[in-house]
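[1] Predicted structure and sequence below. I'll ask about it afterward.
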Amino acid sequence: MVIDFHTHIFPEEIAARTIAELEQRAKVKASADGTQSGLLEAMEHTGVDLSVVMPVVTRPAQFDRVNNFAAGINADYSDRLLSFGGIHPDCENYKEKLNKIKEMGIVGIKLHPDYQGVMIDDVRYMNIIEYADELGLIILTHAGMDIGLPEPVHCPPDRMRKVLDILKPKKMVLGHYGGWNQWEEVYEYLAGEDVYLDTAFVFGYIEQDLFLRILKKHGAEKILFATDSPWSDAAQYIQTVKDLPLTTEQIDDILSNNARRLLNLQ
């Protein structure tokens, strides 16, 4: 089984426009069309069994729309797609919002400090992470630079380390291997800590020696296979992982077992 822990899809009516805008901003060509049907079709060709969808609430007013969309995915495609929910740091009554996500049967939330314009160690995020952790939700945040957005970086490794030291969340996942294009800092501040790192949009941008150095310090049991689909091709990513100088057990952990344990899948 292969689990892609970090993917994105958009409602059919806005997908084409959204993908075109993001391609222009990031100067990256998408490998799929960003729709639910497009992701499912890509999974058939690439050998991915389950994709975890990561929505982003870019404005507080989007909360209901985004989370209802996520719940619909989970109801209709639970055997192939699993969507997290989302929350914005400026949402009022954050506990009420997180309780609603939990009651909807959604197992985790996605944060994006760059798109949401708030530093990861801001008290608003700290409150959300602390309470989401109390509820047993998985928390995945974009980490490091965003290729399509200007500085400042809102979730750099040193600030993320502060959050971990203070809150000690039990199910925290850092996208893009702990901090996109800030991997030396990831090695210094985050490798070895009690946090998961995913591989979304990493291969082709990080040197293999540095990837393996972080993995050795951090442990393969805390690495989650992820592509950032539609921005990376899963077949290429799967082959890249299989070609790494790792044991069969480590490769299986990265491609599937770690995610299965975190998601509590049988």
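    Looks like it came in fine. Since we're looking at a predicted model, the values are computed, not measured.
[2] Isn't P60 up against N93?
    No - contact criterion Cβ atoms under 8 Å: P60 and N93 do not qualify, at 10.5 Å. The way it works is simple: take the backbone N, C-alpha and C, and place the C-beta from them, glycine included.
[3] what about those two, which has more around it?
    In this view P60 and N93 are compared by other Cβ atoms under 10 Å, and P60 has more residues nearby, 14 against 9.
[4] what's near enough to touch the residue nearest to G86 when sequence neighbours are not counted?
    In space, and not counting its chain neighbours, G86 is closest to V57: 3.9 Å by Cβ to Cβ, 6 or more residues apart in numbering. Contacts for V57 (Cβ atoms under 8 Å, 6 or more residues apart in numbering) come out as 63, 66, 86-88, 91, 116.
[5] out of those residues, which are buried?
    Buried members of those, counted by 16 or more other Cβ atoms under 10 Å: 63, 66, 86-88, 91, 116.
[6] Check the secondary structure at V57 for me.
    Of the three states, V57 takes coil under DSSP: H, G, I helix; E, B strand; the rest coil.
[7] Could you report the pLDDT at it?
    V57 is assigned a pLDDT of 98 by the prediction.
[8] Now do the phi/psi pair for it.
    phi -90, psi 100 (degrees, to the nearest 10).
[9] circling back to that earlier point, tabulate the contacts of V57 in TSV, adding columns for secondary structure.
    Listed next are the contacts of V57 as TSV, based on three-state DSSP:
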residue	secondary structure
F63	helix
V66	helix
G86	strand
I87	coil
H88	coil
C91	coil
Q116	helix
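[10] follow-up on the earlier one: just put the buried ones among the contacts of V57 in TSV and tack on distance to G192 and pLDDT.
    As requested, the buried ones among the contacts of V57 are exported to TSV (distance: Cβ to Cβ, whole Å; pLDDT from 0 to 100):
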residue	distance to G192	pLDDT
F63	35	98
V66	34	97
G86	29	98
I87	29	98
H88	31	98
C91	33	98
Q116	28	98
